[in-house]
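Undergrad: how does the following fold in three dimensions:
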Amino acid sequence: YMRDSRKSQMLWNNYRYRVEDDSIVIEDYCGEELDVSIPAEIEGLPVKKIAPEAFSIHGAMIERVEVPGSVTDIGDGAFKMCMSLEELVLQEGVCRIGENVLLVTAVTQLYLPTTVEKLKCPWEWGKVAIDVAQENQHYFSDGYGLYEKREGGYALVAVRAEDQRVRYTVASNTTVIEQHAFEGQMYIQEVELPEGVISIEKEAFESCQALRRIVLPEGLTRICADAFRCCISLEGLELPSTLKDLGEHAVTDTYGWSPSMNGIMYMRVHPDNPYFYHDANAFYQRRENGSLLIKYFGKNEVWKIPEEVTELGGMALRRSNLREVIIPETVKSISKDAFAECGRLECMEFAADGVKLYVPENPVYRKGEISSLFYRDNAGQLHYDYETYDSLLADWSQILIRCRMAAFRLEYPVQLPTARKKAYEALIAEHLKDLVYDICKRDSLMDLAVLGNAGMITAEHIEEMIDWTTACHRGKLTGYLLEYQQEHFTENTFDFSL
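TA: Sure, this is the predicted structure:
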């Protein structure tokens, strides 16, 4: 599509234009002036519109543009890529302004006249300090927030991205924090929402990385998807009794790129809220057939998910400190990313099958493969895919990890074919010495007990195993082996009571 090939265009001075409804639409500016005053009329017809990207191709050197009062509409990206543009003057008459109008320009301040009634994607103006005419019936600014006047109250639609204040109280009579309103504001630490705010829209506070605290008022009913995404410093949330709608990942994706950037550390719900509740470890939503686990924030290393929980939501346990998690039989649905980035997770127990599975510690990025192998059958019942687990085991590069996975499968042989069982026994027997020394290195009584429960501590090898743990000065492990030997391989036990 070539701009110069448009048959409907006409040329007047430095402007290519077309006629629409007895008025002029400027399609392209092709001049070289540094200070441009757009004409109010061309060939006797009023200039009403500036088309999308009209100044983008030839406007790189323009420093100032004045838009006349005849213009009512400024199209998307009209001055985009005018990299030298420092001042845009809007006269009374401009009504509608498109998105990305000042993208990649040097404009830092803009005055909106009384006639402006619609800003498209106003959050994209965050780096521009917007002043609004006092008589404007549609917008106002308090010097930090830009508000749209609506029937029933105000909507906060944007804040100044470059403003370095750390605290802000949203204007009274505000009912909505609009989509992207605070997005990317790097300085704000505390925000107070007034009574009357009923909705926080999608991505409203996304990437406010300094935000530590936000006051959510009674009357708030909805927090939309990703509202607090990447708010890595957010300490916690206290949710009002009126909250009833929570969008996907609204409060669960407060993480940054680093494992130390985890965001929310606690969540508290007003006790009178009929839809949500919390305990010492997690935040839940009440549902008709049980509870949804929305976010775990506990510090336990071992945690049994409460029996009332029937579903684990997206990112519910992301980056938790858990080493072992017990999933009750009541759980019927688990999101694929429920256990995302659980770098310390070592063991998952499935009460429905009476099974424990080892989750390898290395490589960390593969933990997700193990912790996401859930599926629902045609009857809607939740199952774990043991066959795929066994396939992953066979493919794992680190031999000692394969041995540990095999030991757990032998201890809990659900859906374990005879051929695989024999292969696992042979694998552990072949690498028994290295496996025991690795257990000693980690001083893991749990892993040694798994070998015992799997039947891999035999009369043939137990004396050697005792020698190995003794040489490593692991009294706890040696004691376990001596007791195991006494219980399983000694025919005439000594009566110490004599």
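Undergrad: how about the lowest-mean-pLDDT helix or strand in the chain: buried residues?
TA: Lowest mean confidence among the helices and strands of the chain (mean pLDDT, DSSP states H and E): helix 367-371, at a mean of 83. Buried residues in helix 367-371, defined by neighbour count with 16 or more other C-beta atoms under 10 Å: 367-368, 370-371. Just so you know, the C-beta spots here come from the backbone N, C-alpha and C atoms, and that holds for glycine as well.
Undergrad: most widely separated two among these?
TA: The largest separation in the buried residues of helix 367-371, counting by C-beta to C-beta, is between Gly368 and Ile370 at 7.4 Å.
Undergrad: still on that earlier bit, the helix or strand just after the least confident helix or strand of the chain: partners in the sheet, and parallel or antiparallel?
TA: Scanning forward in sequence from helix 367-371 by DSSP states H and E, the next helix or strand is strand 374-376. Applying DSSP bridges, strand 374-376 is found paired with strand 382-384 (antiparallel).
Undergrad: ok, now how distant is the most centrally placed residue in the chain from Leu312?
TA: Central residue of the chain (C-alpha atoms, centre = their mean): Asp253, 2.8 Å from the mean position. Counting by C-beta to C-beta, to the nearest Å, the gap from Asp253 to Leu312 is 15 Å.
Undergrad: circling back to that earlier point, quick one: list the elements packing against the least confident helix or strand of the chain.
TA: helix 386-395 (3 or more C-beta pairs under 8 Å, 6 or more residues apart in numbering; DSSP states H and E).
Undergrad: and the contacts of the helix it packs on?
TA: 357, 366, 369-370, 373, 402, 405-406, 409, 414-416, 420 (C-beta atoms under 8 Å, 6 or more residues apart in numbering).
Undergrad: if you count neighbours, what's buried in the helix or strand that it is followed by?
TA: Downstream of helix 386-395, the first helix or strand assigned by DSSP H and E is helix 399-411. If you call a residue buried by 16+ other C-beta under 10 Å, then helix 399-411 has these buried ones: 400-411.
Undergrad: could you do stretch 73-93 as well?
TA: 73-82, 85, 87-88, 90, 93.
Undergrad: for stretch 105-116, same thing?
TA: 105, 107, 110, 112-116.
Undergrad: go on, stretch 344-352?
TA: Those would be 345-350, for stretch 344-352 by 16+ other C-beta under 10 Å.
Undergrad: next: stretch 230-237.
TA: In stretch 230-237, counting by 16+ other C-beta under 10 Å, buried: 230-234, 237.
Undergrad: can you convert those residues into CSV and add a column each for distance to Phe182?
TA: Formatted as CSV, these follow (distance: C-beta to C-beta, whole Å):
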residue, distance to Phe182
Cys230, 12
Cys231, 9
Ile232, 14
Ser233, 13
Leu234, 12
Leu237, 15
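Undergrad: closest to Asp272 out of those?
TA: Looking across the buried residues of stretch 230-237 and measuring by C-beta to C-beta, the closest to Asp272 is Leu237, at 16.6 Å.
Undergrad: could I get the phi/psi values of Val191?
TA: Phi and psi for Val191, reported as degrees, to the nearest 10, are phi -130, psi 130.
Undergrad: give me the distance between the closest residue to it other than its chain neighbours and Ala227.
TA: Distances taken as C-beta to C-beta, 6 or more residues apart in numbering place Ile214 nearest to Val191, at 4.7 Å, with adjacent residues excluded. Ile214 sits at a distance of 10 Å from Ala227 (criterion: C-beta to C-beta).
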